[in-house]
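[1] from the sequence below, what's the structure:
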Amino acid sequence: MSEVPVIIEAAISPFRPDAPVLDLDTTGLDGKACVQAGASIIHHHHDTRMNLDEAITSWVKASAIMMEADPNVIMYPGIMGGRTGEEHMSHLVPLAETGALGMAPVDPGAPLPFDMGDDGFPQGHGYVWNSFSTSRKVAISMMERNVPLSIGVYEPLQLRWALACEANGKLPKGSMVKLYFGGKFSIYKIGEPALNFGLPPTKQALDMYLAMLEGSSLQWSVGLFGDSLLDSPVARYAVEKGGHLRVGIEDIASVTDATNVETVEAAVALATEVGRPIATPTQARAILAGNA
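    Residues are numbered from 1 along each chain as shown. This next block holds a predicted model:
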């Protein structure tokens, strides 16, 4: 059993078009409460209707509220609006220069989830966001600013990207891979079935990723889009195998009524039951940097 403390991430923003936009204070206070409950990483979105300057100001102000719980909490944003990778990532360098950006999200070649049509066929455009070219630009700009990457792994291809970059010394120190599994439901149309990306949340699927990670020094966590991670077999198994957890209302598609804080508390309880301590934000930074 790993004795490394479990890093808990809370993805706290509802991520769907029909969701009410959380105001700045609500977002900040919710994130602060999650840190107090045991989270060391907070992922939160701004209102995507904002322009670049407005988005940066809003995100930094919400983050400042969260930092009242612990100044070392690691925070990172969602994407900007737009149709291109460059548009999606246009806020990262300005945020890094504020000093508030704890990680930069990069989803190299990430596929979109699809909703199911009334005729029984998956529907959607089938396009991929964040090309390898865009991901390269993000990685280089963040290496220059010593900001770690939060690398979204939706399919094995993204993990291959991360491992190739690691092998060639092209990842900022402290970067982390997030192994995302696909659930049954849409994160856009709540309660509706979906054709989500990736592997199902099973022990066998996690074992495949862990086989790929052999020899890597990257820390990893598990998340589940379109279902409840903590009600899946992969959550406990990940903790037993030395991994970390991503919880919060963004991913669970309202399949439970749990709040952000309640998902963090449940993750803390699971890790404690397995026998691993919970990482503080300071410990999380050290673990990710390889100094713990």
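
[2] give the contact list for the residue lying closest to Gln36 once chain neighbours are set aside.
    Leaving aside its chain neighbours, Gln36 sits nearest to Ala69 (5.0 Å; criterion: CB to CB, 6 or more residues apart in numbering). For the C-beta atoms, the positions are set from N, CA and C on the backbone; glycine is no exception. Ala69 makes contact with Lys32, Ala33, Val35, Gln36 under the criterion CB atoms under 8 Å, 6 or more residues apart in numbering.

[3] compare these and tell me which has the most neighbours.
    Counting neighbours by other CB atoms under 10 Å, Val35 comes out on top of the contacts of Ala69 with 26 neighbours.

[4] ok so, going back, wait, is the residue nearest to Gln36 part of a strand?
    No. The assignment for Ala69 (DSSP: H, G, I helix; E, B strand; the rest coil) gives coil, which keeps it out of a strand.

[5] re the thing from before, switch the contacts of Ala69 over to JSON lines; also include pLDDT, secondary structure and distance to Glu144.
    Converted to JSON lines, those look like this (pLDDT from 0 to 100; DSSP: H, G, I helix; E, B strand; the rest coil; distance: CB to CB, whole Å):
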{"residue": "Lys32", "pLDDT": "98", "secondary structure": "helix", "distance to Glu144": "30"}
{"residue": "Ala33", "pLDDT": "98", "secondary structure": "helix", "distance to Glu144": "34"}
{"residue": "Val35", "pLDDT": "99", "secondary structure": "helix", "distance to Glu144": "28"}
{"residue": "Gln36", "pLDDT": "99", "secondary structure": "helix", "distance to Glu144": "34"}
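
[6] and which of those residues is nearest His43?
    Val35 (12.4 Å; CB to CB).

[7] hang on, isn't the closest one packed against Val73?
    Yes. Counting by CB atoms under 8 Å, Val73 is a contact partner of Val35 at 5.1 Å.

[8] overlap in contacts of the two?
    Shared contacts of Val35 and Val73, counting by CB under 8 Å, 6+ apart, come down to Ile42, Met66, Pro281.

[9] what helix or strand is Pro108 on?
    Using DSSP states H and E, Pro108 falls within no helix or strand.

[10] name the SS class of the nearest residue to it once chain neighbours are set aside, please.
    On the basis of CB to CB, 6+ apart, the spatially nearest residue to Pro108 that is not a chain neighbour turns out to be Ser135, at 3.8 Å. The assignment at Ser135 comes out as helix when based on three-state DSSP.
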